[in-house]
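Chemist: Here is the input, now give the coordinates:
(one chain, ligands or ions: 2)
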Amino acid sequence: MNEKEVIHSFFNHRIGILATMHQKETVMLPLLEDQLGINIKVPIDFNTDQFGTFTRDIERMGDQVEAAKHKAEYAMSLTGETIAISSEGIFGPHPFLPWVPYNREIVFLIDRVNEFEIFGEASTTDTNYRQMKIEKIQDAQEFCESVGFPEHAVIVRSKDEIIKGINTHEQLEEAINYFLKKSNDELYIETDMRALYNPTRMKNIKLATENLISKIYSLCSKCSFPGFEVVERKAGLICSGCGLKTNLIKSEIYKCKKCGEQEERLYPNGRQFADPAHCPICNP
Ligand SMILES: [Zn+2]
Ligand SMILES: [Zn+2]
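Modeler: Ligands and ions are numbered 1, 2, ... in the order given. Below is the predicted model of the structure:
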């Protein structure tokens, strides 16, 4: 059997519920069916908004991976199927470069029959996530020019009202005029991050799905169980200047979810030594 046959026989063409909204299936479904051999079903009225949305309508629950897992479990409980796949995105400032916007997408898969759980991810600064206070229509138009409008939609909101999915110049003008006429409340414009209104986000969801698939395709060297993945990273790459250890990653530990086999793989970034520029001794 080649790798693809191993994976297909693992999932065995069972039904998998794709617990997503906003047309994410357009990028996820073909990959999951072809690469994993799962027969994907998209529930018609699955409403994931109850788990929280980006637009702060509802408080988001738990941490991102937990939230994705919760969605997938909920989909299984509704349908009685044994496989579910969900997706979860977060947006905000980059963890190390707070002035740069950042998007992390998770795609989570559970298989109850094989007692198997795994997630793929895409973390990127390739996002138009942004918001701004506006006072007049020109402010909104300038904002829109900077975020890839109208291919990417925007949201206009006041303190207690919101108009989403704006993706024509007419709708934009109409929305702003509506708010300006109605009250003197502070007015904000922001990018609509729902996948079907945001092709950049849709692309990142596709990348996270591909990452999930490549993680599943990593097979245990001992028992061939899928999802042989990194459980720990060890720092201590040696500096080429002074020969001392740095905080850069030296190796990764892979572990099998089935038999517990562990393997240390050296130099995951393809370099045996650290650049002295990253060394606390050579470049304090
Ligand atoms: Zn194994
Ligand atoms: Zn050094």
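Chemist: what pLDDT does the residue of the stretch 51-200 of the chain at minimum distance from ligand 1 get?
Modeler: Going by C-beta to the ion, ligand 1 is nearest to Phe116 of the stretch 51-200 of the chain, at 12.1 Å. For every residue, glycine as well, the C-beta is placed using N, CA and C. For Phe116, the pLDDT comes out at 96.
Chemist: before we move on, what about Ile44?
Modeler: According to the model, Ile44 carries a pLDDT of 79.
Chemist: And the residue of the stretch 1-150 of the chain found nearest ligand 2, how far from Thr124?
Modeler: At 21.9 Å from ligand 2, Phe96 is the closest residue in the stretch 1-150 of the chain, using C-beta to the ion. Going from Phe96 to Thr124 by C-beta to C-beta, to the nearest Å gives 14 Å.
Chemist: So if I had to pick from these two, which one is more boxed in?
Modeler: Thr124 (18 against 7; other C-beta atoms under 10 Å).
Chemist: In contact with Ile106, which residues are there?
Modeler: Gln64, Val65, Ala68, Ser87, Glu88, Gly89, Phe119, Gly120, Glu121, Ala208 (C-beta atoms under 8 Å, 6 or more residues apart in numbering).
Chemist: Can you check my assumption that the fifth one lies in a strand?
Modeler: Yes - with DSSP: H, G, I helix; E, B strand; the rest coil as the criterion, Glu88 is part of a strand.
Chemist: burial count for the closest residue to Ser146 other than its chain neighbours?
Modeler: Closest residue in space to Ser146, ignoring its immediate chain neighbours: Arg130 at 7.4 Å, by C-beta to C-beta, 6 or more residues apart in numbering. For Arg130, the neighbour count with other C-beta under 10 Å is 14.
Chemist: now the residue most central in space within the chain: how far from Glu5?
Modeler: The centre of the chain sits closest to Glu105, judged by C-alpha atoms, centre = their mean, with a distance of 0.7 Å. Relative to Glu5, Glu105 is positioned 29 Å away (C-beta to C-beta).
Chemist: now do Lys181
Modeler: Taken as C-beta to C-beta, the span from Lys181 to Glu5 is 64 Å.
Chemist: Have a look at these two and say which one is more surrounded.
Modeler: Between Lys181 and Glu5, counted using other C-beta under 10 Å, Glu5 has the larger neighbour count: 10 against 7.
Chemist: does the more buried one belong to a helix or a strand, and which?
Modeler: Per DSSP states H and E: Glu5 is located in helix 3-11.
Chemist: Repeat that for Tyr188.
Modeler: Per DSSP H and E: strand 187-191 holds Tyr188.
Chemist: Only alpha carbons, please: show that strand as CSV.
Modeler: Extracted as CSV, the C-alpha positions of strand 187-191 are listed here (Å, rounded to 0.1, in the frame of the first residue of the first chain):
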residue,chain,number,x,y,z
LEU,A,187,-19.0,55.1,14.0
TYR,A,188,-16.6,52.3,13.1
ILE,A,189,-15.7,50.5,9.9
GLU,A,190,-14.0,47.1,9.9
THR,A,191,-13.1,44.2,7.6
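Chemist: Sheet partners, orientation included, of it?
Modeler: Strand 187-191 has the following strand partners under DSSP bridges: strand 131-134 (antiparallel), strand 154-157 (antiparallel).
Chemist: so which of those gets nearest Pro30?
Modeler: strand 154-157 (29.0 Å; C-beta to C-beta).
Chemist: so what secondary structure elements neighbour the next helix or strand after that closest one?
Modeler: The helix or strand immediately downstream of strand 154-157 is strand 162-166, counting by DSSP H and E. In terms of contacts (3 or more C-beta pairs under 8 Å, 6 or more residues apart in numbering; DSSP states H and E), strand 162-166 is packed against strand 154-157, helix 169-182.
Chemist: wait, what's in contact with the residue lying farthest from the centre of the chain?
Modeler: In the chain, the greatest distance from the average C-alpha position (C-alpha atoms, centre = their mean) is reached by Cys242, at 39.2 Å. Contact analysis of Cys242 by C-beta under 8 Å, 6+ apart lists Pro276, Cys279, Ile281, Cys282.
Chemist: Dihedrals phi and psi, Pro199?
Modeler: Pro199 adopts backbone torsions of phi -60, psi -30, taken as degrees, to the nearest 10.
Chemist: Could I get the pLDDT score of it?
Modeler: According to the prediction, Pro199 has pLDDT 97.
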